[in-house]
Structure formats: structure tokens, C-alpha cells
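> Any chance you could fold what I've pasted below:
(chains A and B)
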Amino acid sequence: MKPGFIARKLLYLLITSFIIITVSFFLMRFSPGSPFTSEKALSEEALKNQMEQYGYDKPLCVQYVLYLQNIVQGNLGPSLSYRGRTVAGIIGEAAPYSFALGIIALILSYSSGIVISMICIIKRDTWLDYSLLFFALLGLGIPGFLLAKVALFVLGYVLEIVPTAGYEGFSSLLLPGIILSLPYIAYITRMGRKSFGDEYSRDYIRTAYAAGIPEKRILFTQVLKNGFLPLLTFMGPAAAALMTGTVVIEKVFALPGLGKYFVYGALNRDHFLVMGVVVLYSSMLLIFNFVVDIMYHVIDPRISAESEGGRT
Amino acid sequence: MKRALYWLAGVWFILVCMTGCGKKEDPKKIREIEYLYNTSEDHKRIANAVSDMLKENLFIEMVPLNMEWKVYLKKMNQLEYDLARSGWIGDYNDPMTFLDLMTTDNGNNRTGWSNTEYDRLIGEASKEQDQTKRKGLFFKAQEILWDEMPVIPLYFYVSRIMFRKNRIGGIYPNVRNWIRLGTLYCKSGKTDKDSLVLVLGEEPKTLDPAHITGSIAIRVAAGLFEGLTVYNEKTLEPEPGLAESWTVSDDKKTYTFTLKKTYWSNGKELTAEDFIYSWRRILLPETGAEYAYMLFPIKNAEKFHNKQCGFSDVGVHAEGDRLVVELNSPTPYFLDLTSFVTYYPVNKETVEKYGDQWINPEHFLGNGPFVLKEHAMHNRIVLAKNSRYHTPEEVKLQKLIMRIIPDEITAFNEYEAGKADIITTVPVSIYRKLKGKNRDDLHVNPMLGIYYIRFNVTRPPFDSKKVRRAVACAIDPEFITDKITASGEQPAYSFVPPGTAGRSSFRADRIFDPAKARALLREAGYRVGKR
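Below you'll find the model as predicted:
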């Protein structure tokens, strides 16, 4: 891996972050509605003071520059809707739940998806292949909130084998993690079936069989490793999406995760809160994709660090 | 060439007939009107019902427009709408909280409607001491509202809470949906007698009394603070809280409260100066308190808020252990106000030391039956008994756990599974099933709240009183409460909910009458009928 490769990737990362923050900042500010309008009408004097307190009396470009300066110093600003709370504090409190839930869902989705797709490869074009694919796709087709409510009711309230609503410990994340992983299991199964299938049908695999190499070794050292690259590409955005929470799952299971702040912040025009979660999500997405790019090169040395995208 | 021209002319003619180009809008028909509502399935169902009624009864095309809350507020404030759904929950138990909404200067009016006589009647009622005369003024004011119809009342809100009477005591459903947390206790039917679990539907935005406006935050704050007076849990009458007694001057404009010797939760004495500090903080415009207007009955409070005088001119001062409050005019509901969250005291030292962070558990200081032990956002708020409360022996619970569960179905399931003792909202679908089974733990009670439709009276056609009345005659509130909401609400034929203290006897007749609606529209100069 050439040293310039990492430096260039980091530069792209910074430029992309800057663009995302800039576009999001101005989009939020130009959207109709103000953080200071409320059902109880504020007096003019009070409104003026509030705007001064939060810097809204300054020209927009000045506010933007000040916001960038604060971001660089790690200050995400105060929440305009949760008085007395900072955005960093809110995110810091919610993030561990979302991260834990996301990691559970990521591990489940990749492990299950890979196993199912490998079985589909071995038993290709049999009833088992099609049945597994069908059930995997059900996880994609059935709405998450419906699955969540039914699963919570049956497993939590009727059978009482899983914790119910709220966060009472790590076990509270298992059922939500499973529900969250289901669509991703479907994605990974489909991708894996295609990718592993393509790899499995290559000449060198046939040669390996002919040479008497055990099937297990062929599958796990050649097919899995070489066919994993597209799944690796998907891991970056999947990890970022899963670990920043989903508002639906959090609402049904009453979990104190991050997902709700994307929606809540936007609906309440809490500009700082929205920007905070956007910065977090975009940072995670960019960093995970960066890590995936590095891993790509490590897994497959044929990929040139100089080529655009670096993927075959 | 000629043939081509004839073909072109024919195609053009067909297109004109299909699109109606060149067809002028009929000025005698009501144009398509927009009905604004903020995002909610309930509001959507009502909007669709109103649209159907207007189309069927008046042949008016009404387009329900769903929008986010902030955009909806903006359009309301700027009078950029035709019709809009609205709701109001009373801030205090007096008709004034509903009727002064429609005065010309009230920022919550948002209809553009102004009536000098109405303003005069409400102004007089705000000063009138005689209750009979006051009711008479309210009656006349509502007559004007009903005649002019800048708003159409649809129904009065109800509260739906669930708790098992054999397990929990101290809750008496009432029009304020008020639960006096300090008097809650467990009965023999409950295993753990020291704690209760109460479900909140959302995370409160703040627990600072200066900034609280939402009902959820009000409910939590009632456990953490106490004002000069406190609502009796059964009768809602204000009774001594931190004030052991009070006297009222003959002109009803000066209240002198004698304070009990009470303490903050850190053991420091609570004094009259704490109240003065707290109220000043709310009135300072830089605080940005939305409920600052709740303190405006105090003499010069509004002027101070608008920077028209200094705080020394505001009618509040301490005389030892007494707090003397002077009002602008006699305010019959003043003791109701002193029980309200905006009038709670806060500790100056704590607020100035920690700023907005003072309300976090590690810094929190209160004077109520409980202290804030834990606050995990969107998860739970735990209140622990305050041993320094002025009557700790009256507080039976050691712990009150408030779980935040936004999904109503999940909250109900938690209640049914015994993991929650009190839930304060019941989903409509569940309500109907429970009602059918006559569940005795479902408590439905009228509330001080009204759901209504606003007209923008600055914009045609609703600048015409006859058109507004025609629309009101075409909408049936009973259909809405029976078939659309169908969860215990009562149709509204006045502007003040039943059960409001000091309410007049005003109650209009049912005016739903499609034929009369069409006649009124014709009288207003509009053609009524299908296109």
C-alpha cells in the first residue's frame, strides 16, 4: 500500500465531511419554520433575546463560520429544544445504546447472511436454496415496525422469554437487534449468493476440486475469502446506518438510542441537534468506508492502490 | 396546407375543451380552500371528515394539508391559511384562559379576528370581582363569538388514564388531568409498596419551571417543586403549599402570603426572596420563558418584561417571612396561578452556579415531595422521596419511577404485564375494546381542553361572517365525536369546557343544518351547487 494512498483517502474524507456539513447547515437554515416559534407566542423582546443568545442575530455566513470553528473544537452547540442539554451530551448519552444495538445487528446480519448464502451455494437450485432465499427476503419485505410489534408482543408479553420495553440491560437489545438485522440478512444473502456463486463457478475452484482439496477448505479459504469483497463494500454504509439507530425500532422497544434525534431534531428545527447527528452519521460513514478501503487492499493485493475506487 | 391548418385548429379546440383553458373561474363559487393540520393520524381523520362534510353539504372543495408542526405554526402566525385545526388546553381553571385567546392583542389569536366589544367584555371580566356579573360578561362574550364564528368549536378533550384502584391510591381523575404525586400511595393489592411506575409518553423538554410549558414536564415538575399553593388532589381547589396562610386586601389586588418554614433539598432555608428571584428570572426577556405571560396579572410584570420599567416597580416584595404580591387588577383565579408550575420557586445559588445544567440530577435542588435522583433521557426519570419536604410523613412512596415509552401500544402492554402501574394515555383502538369490556381501571374524564377549527378572517371568503356560519352549519361535531374520534369526547357547543370553575351557562344549540348552510352561502352572494 503506497503512503500516498492513505493521505489521499484522508484528504477526500475531510473534503467530503466539509461538503456534507456545509450543505446540511444551509439546508436546515433555509427550511421553513424556526426553532423559536412555539404554540405559546413569545414576546418580541423575548424572541429577540433568544435569537441573540443562540447567535441567530448574526448574518448566516458568520453563524456558519462560528459553527465550523466550534466543530473543530469538538463543541456541537446547545440543544434548542432540550433546554439545558448540549448536543454532545445528548449524543454521548444515546450513542452507546445505538452502537451496541448496531453491533449486535451487524454481527447477526453478516454471520447469518454469509451462512445462508453459503448453504444456498452448496445446495444451489434446490428447494433448500430457494426456500432460504425466500425466508431471507421476507425479512426485507415485511415492515420492521410490524415485525417488531408482533415479535415484542408474542415473545415478550405472551411467552415472556425476552425483556419487553425499555432498557433494562444488555438482554433488552437482543430482540431489537434481531429485528433490525432482518433486512440486512436479506441484502447480504442476496449479495453473497451472487458473489460467492460467481467465485464458486470459477475455473480455479474446479481445479482445486480436481486436485483433491477438501470441499470445506475450498469453501472457507477460497470462495468465502475471495467472494467477500462486495460484502465488505456494503459493510461500511451498513455499519454506519445500523449504529446510528433507527427511530421505529427505538420507539416500539422504548430504547434511548440516537435514531429519534434525526427525526425529532428536524421536526423541532433544533438546528444544532440535527447538525450534530448529521456530523456523527457522516463521520461514521466516511470512516467506515475508509477502513473498508484499507481492508480491501489487504484482502486482495491485486487491487492497485493507485486505481480509482481500487475495486475489481 | 389548408387541411393541415384545419387539423391544427381541431386539435387545439379539443385541447381547450379538455383543459378548460380560457375558461374563467366563476367568481360566484367558493374557490378551493385549504385546511391546515399538523402531522397526526387523528388530525388527518378529522380533516378528511370535515372535507367530506363541506363537499357533501356545501359543494366546497377543501384540501387537507398536512404539515410539520413548525411549518404549521409559521403559517398560522403569518395568517397564511384558510382553515386550520387548533387546540387549546387551559393554563388555569377559569374561563379567561380560553376566552382571552380571542382578544385582539393575544398572540395566540391567530385568526385576524378583532372585535372591540368582545375585547371590552373580556377586559371587564378580568377585573370583575362579583362572580355573577363575571359569568354574565363571559356569557355575552361567548354570544359574540358564536355570532361572529371566527372559530368553530368541535369537541372538548378528555383524559384517559389507567390504574388499578385496588393497588394505587391518591389519584382522583379531574379536569386538569392533575395527579398530585406527593399523595400517591400503594394499597394492599400491590407487592412493592414503596415505589410506583408511571409511564410518560415522551421525554420532557426541560424540568426547569421557568421553561416548562408541556403537560408531561408539568407532571414531573409537580413532584419536584411546590408553590405558594397547591391543587387539592380531589377538588382542585388551591390549598396551602409553601404558604401556610394568606390575606387578601379589600380591593382584591394585594395578596400577603405567610410562608411556612421550609427548606430546599440541601437543607438551606427557602425564603420569600427565592420566589422573587424565580419570578424575576421568568419575566426577564433574556430568559425566553414562553409562560412569562402567566405572571402578567402581577402589577407591572408585563411592563418589566417589555423593558418599560425596572423590577422595583413590579408588585412583589418580601417582608420577612411574608411575600406581598400586588396585582394589576382583581384576579379571581390568582391562587390557581400560584399553584401552577410557572410560579414555583427555584434556588438562586444553584441556578447561577450551574446555569442551564442546574436541573441535572447531580446539581438539582428542589422543594417538592421528591428529588431528582436519576434522569436518563428517553429512558426513565427516577424521583426519590425528599426527606426535607415540609411534610415528609405525608409522602408514602420512597421512589417514583417515570418510564418514557412513546409507543402507546407498548405502554399499554407494559401496564397489562404489570410492569407499569399508571399509564396516562390510552390508544384509541385499545380504548374502544376496553370500553366494551367495562374495564374499571380505565378512567375517562373531561379535560380543560378544546379542539376547534380556526378561520383566517382576513382572507376571502372567510372575511364574511355568513360564509363562516355556513361552514359551521355544514360541519357536525357529533359525527366527529361519535364516528371519527370515538374515544369519549363530547361535542362542543361553547368555547369553555364543562367543569371549568366560574363557567357561565352559555351553551349554543346544535347548528348542524346543511340546508341552512346552503341558504347562508347564497345569502352571502355565492352560488351553491355542483360544478
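> check contacts around the closest residue to residue A:60 other than its chain neighbours.
Spatially, and ignoring its direct neighbours in sequence, residue A:60 is nearest to residue A:29 (6.1 Å; C-beta to C-beta, 6 or more residues apart in numbering or on different chains). In short, each C-beta sits where N, CA and C put it, glycine included. Residues near residue A:29 by C-beta atoms under 8 Å, 6 or more residues apart in numbering or on different chains: A:60, A:63, A:271.
> which stretches of chain A have low pLDDT?
Judged by pLDDT under 70, chain A has its weakly predicted residues at A:1-3, A:301, A:303-312.
> you'd agree residue A:173 is in a helix?
Yes: assignment of residue A:173 by DSSP: H, G, I helix; E, B strand; the rest coil places it within a helix.
> so it sits right up against residue A:104, yeah?
Yes: between residue A:173 and residue A:104 there is a contact at 5.7 Å, judged by C-beta atoms under 8 Å.
> ok, the two, which is more surrounded?
The neighbour count for residue A:173 versus residue A:104, taken as other C-beta atoms under 10 Å in any protein chain shown, is higher for residue A:173 (23 against 19).
> Now that one: closest residue in space that isn't a chain neighbour?
residue A:101 (5.0 Å).
> In which helix or strand does the one you found reside?
helix A:87-122 (DSSP states H and E).
> Quick check: next helix or strand after that helix?
Taking DSSP H and E, what comes next after helix A:87-122 is helix A:127-141.
> which strands and helices sit next to that following helix?
helix A:87-122, helix A:174-200 (3 or more C-beta pairs under 8 Å, 6 or more residues apart in numbering or on different chains; DSSP states H and E).
> Which secondary structure elements does the last one sit against?
Other elements packing on helix A:174-200 under the criterion 3+ C-beta pairs under 8 Å, 6+ apart are helix A:87-122, helix A:127-141, helix A:144-151, helix A:224-227, helix A:229-243, helix A:247-253.
> cool, and the longest one?
If contacts are counted by 3+ C-beta pairs under 8 Å, 6+ apart, helix A:87-122 sits against helix A:127-141, helix A:174-200, helix A:229-243, helix A:259-267, helix A:271-299.
> Could you export those as JSON lines, including mean neighbour count?
Below are the helices and strands packed on helix A:87-122 laid out as JSON lines (neighbours: other C-beta atoms under 10 Å in any protein chain shown):
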{"stretch": "helix A:127-141", "mean neighbour count": "15"}
{"stretch": "helix A:174-200", "mean neighbour count": "22"}
{"stretch": "helix A:229-243", "mean neighbour count": "19"}
{"stretch": "helix A:259-267", "mean neighbour count": "21"}
{"stretch": "helix A:271-299", "mean neighbour count": "19"}
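> quick one: which of these is nearest residue B:240?
Nearest to residue B:240, of all these, is helix A:259-267, at 39.9 Å by C-beta to C-beta.
> got the CA coordinates for the closest one in PDB?
Provided in PDB are the C-alpha atoms of helix A:259-267 (Å, rounded to 0.1, in the frame of the first residue of the first chain):
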ATOM      1  CA  GLY A 259     -32.300   7.400  15.800                       C
ATOM      2  CA  LYS A 260     -35.100   9.500  17.200                       C
ATOM      3  CA  TYR A 261     -32.900  12.600  17.200                       C
ATOM      4  CA  PHE A 262     -32.700  12.600  13.400                       C
ATOM      5  CA  VAL A 263     -36.500  12.900  13.200                       C
ATOM      6  CA  TYR A 264     -37.100  14.900  16.400                       C
ATOM      7  CA  GLY A 265     -34.400  17.400  15.700                       C
ATOM      8  CA  ALA A 266     -35.600  18.100  12.200                       C
ATOM      9  CA  LEU A 267     -39.300  18.400  13.200                       C
END
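> the inter-axis angle of that helix versus helix A:271-299?
Computed by axes from the mean of the first three to the mean of the last three C-alpha atoms, to 10 degrees, the angle separating helix A:259-267 from helix A:271-299 equals 130 degrees.
> now check helix A:259-267, is it near chain B?
Yes: between helix A:259-267 and chain B, judged by C-beta under 8 Å from any C-beta of the partner chain, the touching residues are A:260, A:267.
> Just name whatever secondary elements that helix is in contact with.
The contact analysis (3+ C-beta pairs under 8 Å, 6+ apart) places helix A:259-267 against helix A:87-122, helix A:247-253, helix A:271-299.
> And the second one, what's buried?
Read that as helix A:247-253. For helix A:247-253, burial by neighbour count (16 or more other C-beta atoms under 10 Å in any protein chain shown) applies to A:247, A:248, A:249, A:250, A:251, A:252, A:253.
> In CSV: those residues, plus distance to chain B.
Shown next, in CSV, are the buried residues of helix A:247-253 (distance: C-beta to the nearest C-beta, whole Å):
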residue, distance to chain B
A:247, 10
A:248, 10
A:249, 11
A:250, 8
A:251, 5
A:252, 5
A:253, 7
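> which pair in those residues spans the largest distance?
Farthest pair in these, by C-beta to C-beta: A:247 and A:253, 11.4 Å.
> Quick check: neighbours shared by the two?
Counting by C-beta under 8 Å, 6+ apart, nothing touches both residue A:247 and residue A:253.
> And the residue of the stretch 101-250 of chain B that's closest to chain A?
In the stretch 101-250 of chain B, the residue that lies nearest chain A is residue B:107 (2.9 Å; C-beta to the nearest C-beta).
> hang on, the earlier thing: which secondary structure element contains the residue nearest to residue A:60?
Taking DSSP H and E as the definition, residue A:29 sits inside helix A:3-30.
> related to what we said a few turns ago, and for the residue nearest to residue A:173, the neighbour number?
Residue A:101 has 29 nearby residues by other C-beta under 10 Å.
> and the stretch 401-531 of chain B, which residues reach chain A?
B:403-407, B:409-411, B:413-414, B:416-417, B:419.
> ok, now the stretch 201-350 of chain B?
Going by C-beta under 8 Å from any C-beta, the residues of the stretch 201-350 of chain B near chain A are B:203, B:205-206, B:208, B:211, B:213, B:285-293, B:305-307.
> Among these, name the buried ones.
Burial by neighbour count, 16+ other C-beta under 10 Å: within these this picks out B:203, B:205-206, B:208, B:211, B:213, B:285, B:287-293, B:305.
> farthest pair in those?
B:203 and B:305, at 28.8 Å, using C-beta to C-beta across these.
> quick one: the strands in the stretch 101-250 of chain B?
B:151-162, B:168-169, B:185-186, B:195-200, B:229-231, B:238-240, B:243-248 (DSSP state E, counting those that start in this stretch).
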